[in-house]
Every structure is written in structure tokens, then in C-alpha cells.
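Trainee: Just a sequence and a predicted model for now, questions to come.
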Amino acid sequence: MDSILVTGNGALSGSIPIAGAKNACLALMPATLLSEEPLTLLNAPRLSDIRTMTQLLQSLGAEVSALQDGKVIAMSGHGVDNPLAHYDIVRKMRASNLVLGPLLARLGEAQVSLPGGCAIGARPMDIHVTALEQLGAVIDLRDGYLHAKAPAGLKGAEITLRFASVGATENTVMAATLAKGTTVLKNAAREPEIVDLVKCLRAMGAQIEGEGTSTIVIDGVDRLHGATHRVVTDRIELGTYMIAPVIAGGEVELLGGEIALVEALCEKLDAAGVAIEQTNAGLKVRRKNGRIQAVDVRTEVFPGFPTDLQAQMMALMCTAEGTCVLEETIFENRFMHAPELMRMGARIEVAGGTAKVTGVERLKGAPVMATDLRASVSLILAGLAAEGETLVNRVYHLDRGYEQVEQKLSAVGARIERVQGQ
Ligand code: EPZ
């Protein structure tokens, strides 16, 4: 297993290009199942999760090929004939569950393995199941698989999600595009990745209104045609790299960045003493002056502070002046980076869903363990500011969600390299 070696090297400067959004792309790719015609995605990120989704869609009979070094994904759902999403693939990546709605809509049936828990939580699928049953699917859980059938096709319905689940919103919206009649989806997730998915579905001929609000209305159509869609910028990669010049010092321009994608983060960084400037090319970020101030953060569904940036913010707060409280309300176990940061000298007290962080002048490099995607990058951020060397182990987590981390950070002056696994 590879590791990443980071050596605290002072201020950063230069620019970092931000890729297309992993979490948008992982919802956009299953949309190819809804149509027999070609669907092409531009600005796709080059990540192992995208390769996993590619394998899954191919196993269902779709054609998927990566062009232009993976930045273009050319797909066709023409040959889709297999409703089985096998455990061997699904267990590697929870987002595999996003084929459930499209398979039901296209084939009238689906057998999708439950993803199983992951490091950050149990991650059940009850909200997905309840919503799809309201569209007329009959779903039961047998031998670890969701067996779903809709022999008479899906029928529009008025659905209220008990929680604004991103994945459940995506599965339901995709299924409803081919249902008979109108679906009104209430308490829908509002994330930019949902907005991007709806833009793509609309380009394919779907009739959808309300994306980005809590109520999405879908008028079912008989069929969807092909389209070409550009994947939206990754707001989590953007937010992650915005924190790099703040924790390490210096100024970095995030190419393709827009404040609208990271408003909640910008509010917190502004309060902490960070200058953020929108330029024609992206976002310029640097400390206003001196030390960063501690600010409290509570993760919430969009447009609140994203849970996927909580670990990165915690790393920053470890070197801020003062004490703050980070509250994680989305996942039940998303503080595994805390003990690793404490190995670097951070002062963190975790109690259930809250973590109290008291800033220290400087962290000290140490060998640490990545436990999940966002935790791994928070340890790299901490390593940029720490004294000495930080060796982040198990970086396969990292490669799932961040393309070319070493290259992007080295280009702005970080001392970072990949150490081949023994
Ligand atoms: C998406 O996961 C993202 N993944 C996650 O990003 C992100 O953290 C999450 O949304 C929240 O923003 C992708 O888009 C591929 P949820 P998803 O359904 O859809 C509970 C990353 O780092 N829940 O909004 O799975 C669930 O357990 C990943 O890129 C149920 O209880 O998230 C969690 O506590 C990590 N029942 C909460 O809701 C359900 O049926 C939010 O889950 C579904 C979810």
C-alpha cells in the first residue's frame, strides 16, 4: 500500500486546477442506463471511484470508455440488459447504489447489493427504498441484496424524504424521469451535484423543475435521448485546496473555483481571518494577517457547511488561535482523523458528534493512518504546516477522491511525494 510523505515547507504560492466533481460524476454516469443513446461527460475527474463505476456499468451491459486521458467518458446504455449490481463491486464503493433507480426505470427490475457500512457510518438505504416503493416498486432485502421489481413500470407520486439524502434524491429523480405521471419530491437534497444531474437529465429530454430547492417536480416521459454534459467543478476538492494556503501560509489561486460552490466554507474562513478573492480564473486565497482565529463549525445538508469538508476544517483549527467546537450532524462516525491529528500534537476532545479543538502554535510531523477519503486529505493538510515529516499511510483512500494530489500540491511549493508500498 502506498503512502504519502509530506514535509512542512512553509508558504505556498501558485495555482491549482480544480477537477470535475467526483460526487456529480458518480451520479451522472448511472444516468446512461436511462437511455439507449450515447451520453458523453466532459471534464470528468481521473479517480479510482470513476473506474469502479465504469466497471459496474459495463457489468450491466452499458458501453463505457474513457477518452482524452479520462477527462471524457463516452457511454451508451444501448446494451443494458443485466439488472444485477454485484456485491464485489458495490462493496468497494457505496455510490454503486445509484444504479438502483435507473435500472428500475429502464429494465423494471434491479438486484443491487447493499453496500455495507463504511468507516464513517452504517449508511443504510431505507430512504432510497421508501421513495422507490412510493413510485410503485416492490423491494425486498434478501441475502444482502435489494431485490426490486416494477413489472408494471413506475408511477409518479408525491414523496417526502424523511431526511434530505443526496443519494436517495438522485435515485428517486432518475427513476421518476421515466415514470408514468408526475412526481413531487419534497425535502429533496439541494447539493450542487443534484443540480448538475438534473441539468444533464434535462439535456437528455427529462421534464424536471425545482433542482437546488427542497421540492423537485418530475414529469415522466416515455424515453430519454442522448446528450453531452460538462461535469460541474468539484466543490469539495476546491474547499480542500482553499485550506492549503491558509494552514501553510502564502497565497494560492484555485482555477475554476467559484464562491457560489463554497459559500458556507467562505463564511467560516472569512470569520477565521482569510482573504478570498474571486478572479476571472478562479479563487485567490490567503491569510489576511497573522494567525488564523478559531471558529465553530456545524455540518449540515447543503447549503450548510459540508460534512465532506469537516475533516479539512478540523486540521486547520488545530493550528488556529483559541478553541472551537466542530459538530458533525450528518454521519455518526466521522472523527477518525482526530486521533491521527492528535499524534501530530493536536489538542482535540471528541464526545459523540462534537469535537472541541484547542489550537496549538505548530503541529509536529508523525506517521499517521488514513481511514477514509476526507480524513486522509486532512492529514496531508496538517502535514503541510507541521514541523518535520508526516507519513500518511493507506492512501488508496485518497486516490478515490483526489486526482494527482502530489502533483497539484508540489506545483505550489509543497514538499510531498508518494512512497511506494512495501
Ligand atoms: C453523498 O453520500 C456523498 N457521496 C458523500 O460524500 C457525502 O458525504 C454525503 O452525500 C452527504 O453530503 C456521493 O455523492 C457519492 P446521504 P450519500 O444519503 O448520498 C443517512 C465523499 O467523501 N442515510 O446524504 O450516501 C446516511 O447514513 C462522500 O465524497 C440514511 O439513514 O449521503 C448519512 O448519515 C462521503 N438512510 C446521512 O443520511 C438512507 O437511505 C447522509 O447520507 C440514506 C442516507
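Mentor: Everything's here; your move.
Trainee: Near the ligand, which residues of the stretch 151-300 of the chain? Just list them.
Mentor: Residues of the stretch 151-300 of the chain lying close to the ligand by Cβ under 6 Å from any ligand atom are 163, 165-168. C-betas here are computed from N, CA, C, even on glycine.
Trainee: between these, which has the most around it?
Mentor: Counting by other Cβ atoms under 10 Å, A168 has the largest number of neighbours within these, with 29 neighbours.
Trainee: any weak-confidence spans in this protein?
Mentor: When residues are selected by pLDDT under 70, those of the chain lie in 117, 422.
Trainee: quick one: the helices in the stretch 201-350 of the chain?
Mentor: For the stretch 201-350 of the chain, the helices defined by DSSP state H, counting those that start in this stretch cover 235-248, 263-272, 310-317, 337-343.
Trainee: Who are the contact partners of the residue in the chain sticking out farthest from the centre?
Mentor: No residue in the chain sits farther from the centre than A152, which is 34.2 Å out by Cα atoms, centre = their mean. Residues near A152 by Cβ atoms under 8 Å, 6 or more residues apart in numbering: G136.
Trainee: Could you check how far it is from T182?
Mentor: 17 Å (Cβ to Cβ, to the nearest Å).
Trainee: what separates A260 from G383, distance-wise?
Mentor: Separation of A260 from G383 (Cβ to Cβ) stands at 30 Å.
Trainee: so V412 sits in a strand?
Mentor: No. Secondary structure assignment (DSSP: H, G, I helix; E, B strand; the rest coil) places V412 in coil, not in a strand.
Trainee: List the contacts of it.
Mentor: 12-16, 244-245, 250, 252.
Trainee: Closest one to V221 out of the residues you listed, please.
Mentor: Checking the contacts of V412 against V221 with Cβ to Cβ, the nearest one is I16 at 40.6 Å.
Trainee: Which strands and helices lie in contact with the helix or strand harbouring that closest one?
Mentor: Using DSSP states H and E, I16 sits in strand 12-17. Taking 3 or more Cβ pairs under 8 Å, 6 or more residues apart in numbering; DSSP states H and E as contact, the helices and strands that strand 12-17 lies on are helix 235-248, strand 250-255, helix 405-410.
Trainee: hey, C-alpha coordinates of it in CSV?
Mentor: Provided in CSV are the C-alpha atoms of strand 12-17 (Å, rounded to 0.1, in the frame of the first residue of the first chain):
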residue,chain,number,x,y,z
LEU,A,12,2.7,28.0,-0.8
SER,A,13,2.3,30.1,-3.9
GLY,A,14,0.9,29.5,-7.4
SER,A,15,-2.3,28.0,-8.8
ILE,A,16,-4.1,24.6,-8.6
PRO,A,17,-6.6,23.5,-11.2
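Trainee: which of the contacts of V412 tops the neighbour count?
Mentor: V252 leads these on contacts (other Cβ under 10 Å) with 28 neighbours.
Trainee: What about T279, how many residues nearby?
Mentor: T279: 12 surrounding residues under other Cβ under 10 Å.
Trainee: how about the nearest residue to it once chain neighbours are set aside, what does it touch?
Mentor: The shortest distance from T279 to any non-neighbouring residue, by Cβ to Cβ, 6 or more residues apart in numbering, is to E253 (6.6 Å). Counting by Cβ under 8 Å, 6+ apart, E253 makes contact with 14-16, 279, 281-285.
Trainee: before we move on, what about M125?
Mentor: If a contact means Cβ under 8 Å, 6+ apart, then M125 has 97, 114-115, 146, 167-168 as its contacts.
Trainee: quick one: contacts for the nearest residue to R286 once chain neighbours are set aside?
Mentor: Leaving aside its sequence neighbours, R286 sits nearest to E251 (Cβ to Cβ, 6+ apart; 3.7 Å). By Cβ under 8 Å, 6+ apart, the contact set of E251 is 12-13, 245, 284-286.
Trainee: now L197
Mentor: By Cβ under 8 Å, 6+ apart, L197 lies in contact with 24, 27-28, 31, 170, 173-174, 211.
Trainee: what's the answer for I243, then?
Mentor: 269, 312-313, 315-316, 381.
Trainee: Go through those and name the one nearest A74.
Mentor: Of those, the one sitting nearest to A74 (Cβ to Cβ) turns out to be Q312, at 33.1 Å.
Trainee: Which elements pack onto the strand or helix carrying T183?
Mentor: For T183, the host element (DSSP H and E) is strand 182-186. Helices and strands touching strand 182-186, by 3+ Cβ pairs under 8 Å, 6+ apart, are strand 158-160, helix 166-176, strand 215-219.
Trainee: Mind listing what's buried along the shortest one?
Mentor: Across strand 158-160, burial judged by 16 or more other Cβ atoms under 10 Å covers I159.
Trainee: how much distance is there from that strand to the middle of the chain?
Mentor: Centre-to-centre, strand 158-160 and its host chain are 25 Å apart (Cα atoms, centre = their mean, to the nearest Å).
Trainee: what pairs with it, and is each one parallel or antiparallel?
Mentor: In its sheet, strand 158-160 lies beside strand 182-186 (parallel), with partners assigned from DSSP bridges.
Trainee: can you give me the angle the strand it pairs with makes with helix 166-176?
Mentor: Angle, strand 182-186 to helix 166-176, by axes from the mean of the first three to the mean of the last three Cα atoms, to 10 degrees: 170 degrees.
Trainee: quick one: buried residues of strand 182-186?
Mentor: Using 16+ other Cβ under 10 Å as the burial criterion, the residues of strand 182-186 that qualify are 183-185.
Trainee: Equivalent analysis for stretch 359-371, please.
Mentor: Within stretch 359-371, the residues scored as buried using 16+ other Cβ under 10 Å are 359, 363, 365-366, 368-371.
Trainee: on that earlier part again, please identify which pair of the contacts of E251 lies farthest apart.
Mentor: Spatial extent of these (Cβ to Cβ) is set by the pair L12 and K284 at 12.2 Å.
Trainee: which one of the contacts of M125 sits closest to N43?
Mentor: Nearest to N43 out of those is G167 (Cβ to Cβ; 21.9 Å).
Trainee: what's near enough to touch that closest one?
Mentor: By Cβ under 8 Å, 6+ apart, the contact list for G167 reads 94-95, 97-98, 125, 128.
Trainee: do that again at 7 Å, thanks
Mentor: 97-98, 128 (Cβ atoms under 7 Å, 6 or more residues apart in numbering).
Trainee: and the gap between it and D88?
Mentor: Remark: distance between G167 and D88 (Cβ to Cβ) = 20 Å.
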